[in-house]
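Engineer: Model the structure of this input:
(one chain, ligands or ions: 1)
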Amino acid sequence: MILITGADGQLGYSLQKILKKQNRPFAATDVGELNLLDFPAVEKYIADHEISCIINCAAYNDVDKAESEPDLCFRLNTEVPAFLAKTARKYGCRYVTYSTDFVFDGKKGSPYTEEDEPCPLSVYSKAKRAGEIAVFDKNDQSLVIRTSWVFGVANRNFNKQVIGWAEKNAVLKIVDDQISSPTYSEDLAIFSLDLLDRNGSGLYHMSNDGEASKFDQAAYLLNRIGWKGELLRAKSSDFPLPAERPAYSKLNSEKLEAAVGKKIPSWQSGIDRYLEEMNEQ
Ligand SMILES: NC(=O)c1ccc[n+]([C@@H]2O[C@H](COP(=O)([O-])OP(=O)(O)OC[C@H]3O[C@@H](n4cnc5c(N)ncnc54)[C@H](OP(=O)(O)O)[C@@H]3O)[C@@H](O)[C@H]2O)c1
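Structural biologist: Numbering: from 1, shown residues only. So this is what the prediction gives:
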């Protein structure tokens with residue numbers, strides 16, 4: 001049975017949906033059922049259940065708050081993934097966990113591959129990078145998937161923020177100097193399971209095809225929902241935030257596409273399907 005941790009989040013929700021469709025048994029836990037900071041409870045859960053694979057979707061994802069809460073961020077993004085990696089090895093389970101495009105400093109100017117050297121800029125991204133290293137140190141059969149700008153129907157994300165702002169404002173200003181790729185949590189779930197089913201281990205990048213600035217993402221989304229307001233370009237310096245972000249962090253996902261033998265859909269297709277999924281809810 002697959003154990004999903006952090007199952008109420010964006011990716012966790014999508015994994016549950018896909019696994020249900022595939023009629024595969026899984027246990028879905030979030031902090032209420034299994035607090036990952038409670039290591040003895042986590043180990044007991046894994047020892048007591050027939051877990052063949054752990055997919056860790058839990059994380060500390062508040063990039064700005066992490067600057068003033070580094071201890072909690074490092075516990076959730078470094079120590080927890082490493083403990084799960086060690087425990088998975090001890091109990092003979094497969095193990096998947098996630099990292100971020102923010103491990104890069106954004107200076108490369110073309111899509112980052114798994115071979116590129118990370119240079120994290122913020123507390124959040126330093127904790128994620130330390131998590132990657134610690135996970136492989138504890139369990140070299142781990143699968144670590146870096147992704148970017150995730151959106152899905154569960155939990156908070158930039159799409160939901162933009163729709164909320166658009167409901168209240170006739171004019172919106174969105175930054176056009178941060179570029180990466182929005183990634184639909186359902187595509188991330190599907191490609192993660194495909195990799196697992198092919199016994200994937202090691203480091204992979206997964207983001208939807210194409211690249212976009214926050215402005216491009218908002219423009220596409222607002223057009224699709226028929227918003228009649230005015231969208232203006234802004235710069236990151238117009239909205240100073242505690243955490244530094246890479247200006248360009250598009251991930252090259254060709255290694256993953258080659259491993260599973262199919263192309264990752266575009267981010268625009270991801271947004272279209274996200275809106276359909278939101279409407280179905
Ligand atoms: N979101 C992005 O844009 C993005 C970008 C790059 C990489 N990633 C990575 O992709 C993965 C999936 O992200 P996501 O967006 O699906 O995350 P998410 O929506 O924030 O979900 C994470 C889940 O983990 C839960 N959690 C927090 N602390 C926990 C604990 N102590 N024990 C158990 N569960 C706990 C959260 O609960 P609360 O909500 O109550 O805290 C939440 O339900 C993460 O590793 C993330 O860092 C995400």
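
Engineer: hey, let's count contacts and neighbours off CA atoms from now on
Structural biologist: Noted.

Engineer: In contact with the residue lying closest to residue 15 once chain neighbours are set aside, which residues?
Structural biologist: Once flanking residues are discounted, residue 15 sits nearest to residue 189: 5.1 Å by C-alpha to C-alpha, 6 or more residues apart in numbering. By C-alpha atoms under 8 Å, 6 or more residues apart in numbering, the contact list for residue 189 reads 11, 14-15, 18.

Engineer: need the next SSE after the longest helix along the chain, C-terminal direction.
Structural biologist: Ranked by residue count, the top helix of the chain under DSSP state H comes out as helix 123-138. The C-terminal neighbour of helix 123-138 among helices and strands, as given by DSSP states H and E, is strand 143-147.

Engineer: Quick one: residues contacting residue 256.
Structural biologist: Counted by C-alpha under 8 Å, 6+ apart, residue 256 has contacts 195, 204-206.

Engineer: Who wins on neighbours among those residues?
Structural biologist: Looking at these with neighbours defined as other C-alpha atoms under 10 Å, the largest count falls to residue 206 at 27 neighbours.

Engineer: re earlier: so which of the contacts of residue 189 would count as near the ligand as well?
Structural biologist: residue 11 (C-alpha under 6 Å from any ligand atom).

Engineer: What about the contacts of residue 189, which are in helices?
Structural biologist: Judged by DSSP H, these include 11, 14-15, 18 as members of helices.

Engineer: and these as a markdown table, adding neighbour count?
Structural biologist: Shown next, in a markdown table, are those (neighbours: other C-alpha atoms under 10 Å):
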| residue | neighbour count |
| --- | --- |
| 11 | 27 |
| 14 | 23 |
| 15 | 26 |
| 18 | 16 |
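
Engineer: among those residues, which two are most distant?
Structural biologist: 11 and 18 (10.6 Å; C-alpha to C-alpha).

Engineer: list residues touching both of the two?
Structural biologist: Common neighbours of residue 11 and residue 18, using C-alpha under 8 Å, 6+ apart, are 186, 189.

Engineer: Show me which residues of this protein are close to the ligand?
Structural biologist: Within the chain, the residues that sit near the ligand (C-alpha under 6 Å from any ligand atom) are 6-12, 30-31, 34-37, 57-59, 61, 98-100, 147-150, 155.

Engineer: Pull out the buried residues from those residues.
Structural biologist: In these, burial by neighbour count holds for 6-12, 30, 34, 36, 57-59, 98-100, 147-150, counting by 16 or more other C-alpha atoms under 10 Å.

Engineer: pLDDT below threshold where in the stretch 151-281 of the chain?
Structural biologist: Filtered on pLDDT under 70, the stretch 151-281 of the chain yields no residues whatsoever.

Engineer: in it, which spans are helices?
Structural biologist: Secondary structure of the stretch 151-281 of the chain by DSSP state H, counting those that start in this stretch: the helices cover 158-168, 185-197, 214-224, 254-260, 267-280.

Engineer: ok, and for the longest one, which residues are buried?
Structural biologist: In terms of neighbour count (16+ other C-alpha under 10 Å), helix 267-280 has its buried residues at 267-268, 270-271, 273-275.

Engineer: Mind giving me the packing neighbours of that helix?
Structural biologist: strand 183-184, helix 214-224 (3 or more C-alpha pairs under 8 Å, 6 or more residues apart in numbering; DSSP states H and E).

Engineer: ok, residue 53 - how many residues close by?
Structural biologist: Using other C-alpha under 10 Å: residue 53 sits among 20 other residues.

Engineer: Would you check how far apart it and residue 143 are?
Structural biologist: Remark: distance between residue 53 and residue 143 (C-alpha to C-alpha, to the nearest Å) = 11 Å.
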